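1. I would like the atomic coordinates for the input below:
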Amino acid sequence: MKNIVEQLSEYKSVHFNKKNIQTHFVGIPLIVFSLTILLNLLQFDIHLDSGIFVLTAAEIFYSIALIYYFILHWRLALGMVLYIIPNLYLASLVTPLEHSGSIAIAIFVVGWIIQFIGHNFEKAKPAFVEDLSKFLIGPLFLMAEVYFALGFAKQLKADITPLARDLRREIEAAKRA
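-> Residues are numbered from 1 along each chain as shown. Model prediction:
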């Protein structure tokens with residue numbers, strides 16, 4: 001398994017353009033929210049002695065994702081907890097609506113349009129094209145960017161930036177070859 005520096009360096013290598021990063025701060029949360037709504041539609045009744053407990057696929061997915069985030073970097077994972085809990089709550093408000101699936105799909109499409117606009121500024125393909133695990137790293141990358149902007153995780157930023165620049169040079173060299 002790649003460590004946090006490797007994961008964020010690879011992701012950062014196609015995310016240097018400020019406009020691209022700005023679009024990601026809109027597009028990724030929209031995509032995550034839409035997927036949370038869709039995953040909330042899958043509910044499982046857990047029968048306990050004290051009654052029925054309802055568990056959603058979103059809760060299961062985010063529990064697993066958070067374990068992964070905590071393995072990678074516990075401080076960033078704490079920020080992700082603060083992001084995921086409201087996300088789950090807001091999605092739970094949308095899920096009971098009659099057309100929640102259609103709403104989620106519309107949000108998903110808008111989020112991806114914004115993502116691709118950002119990568120047009122970057123002149124680089126999205127990170128997930130090479131590695132599907134980057135779907136999980138995208139939200140963590142944004143959390144890292146928030147930490148960096150607040151002056152936290154300075155060493156992490158210092159570790160990933162030169163590696164990301166090296167990876168970007170390799171990408172650009174491969175394009176020219």
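2. Following the chain onward from the host helix or strand of residue 106, which element is next?
-> Using DSSP states H and E, the element containing residue 106 is helix 100-122. Of the helices and strands lying after helix 100-122 in sequence (DSSP H and E), the nearest is helix 134-149.
3. contact partners of that next one?
-> 7-8, 10-12, 15, 21, 24-25, 28-29, 32, 65, 68-69, 72-73, 75-76, 79-80, 83, 126-128, 153-154, 156-157, 160 (CB atoms under 8 Å, 6 or more residues apart in numbering). C-beta here means a position set from N, CA and C on the backbone, and glycine is covered the same way.
4. For the helix holding residue 106, C-alpha coordinates in CSV please.
-> Output of helix 100-122 as CSV, limited to C-alpha atoms (Å, rounded to 0.1, in the frame of the first residue of the first chain):
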residue,chain,number,x,y,z
SER,A,100,-33.6,11.5,-4.6
GLY,A,101,-31.9,9.2,-7.1
SER,A,102,-32.4,11.7,-9.9
ILE,A,103,-31.3,14.5,-7.7
ALA,A,104,-28.1,12.6,-6.9
ILE,A,105,-27.4,11.8,-10.6
ALA,A,106,-27.9,15.4,-11.5
ILE,A,107,-25.5,16.6,-8.8
PHE,A,108,-23.0,13.9,-9.9
VAL,A,109,-23.1,15.0,-13.5
VAL,A,110,-22.6,18.7,-12.5
GLY,A,111,-19.7,17.7,-10.3
TRP,A,112,-17.9,15.9,-13.1
ILE,A,113,-18.5,18.7,-15.5
ILE,A,114,-16.8,21.0,-13.1
GLN,A,115,-13.9,18.5,-12.6
PHE,A,116,-13.3,18.2,-16.3
ILE,A,117,-13.4,22.0,-16.7
GLY,A,118,-10.7,22.2,-14.1
HIS,A,119,-8.5,19.6,-15.8
ASN,A,120,-8.9,21.6,-19.0
PHE,A,121,-7.1,24.5,-17.2
GLU,A,122,-4.5,22.0,-15.9
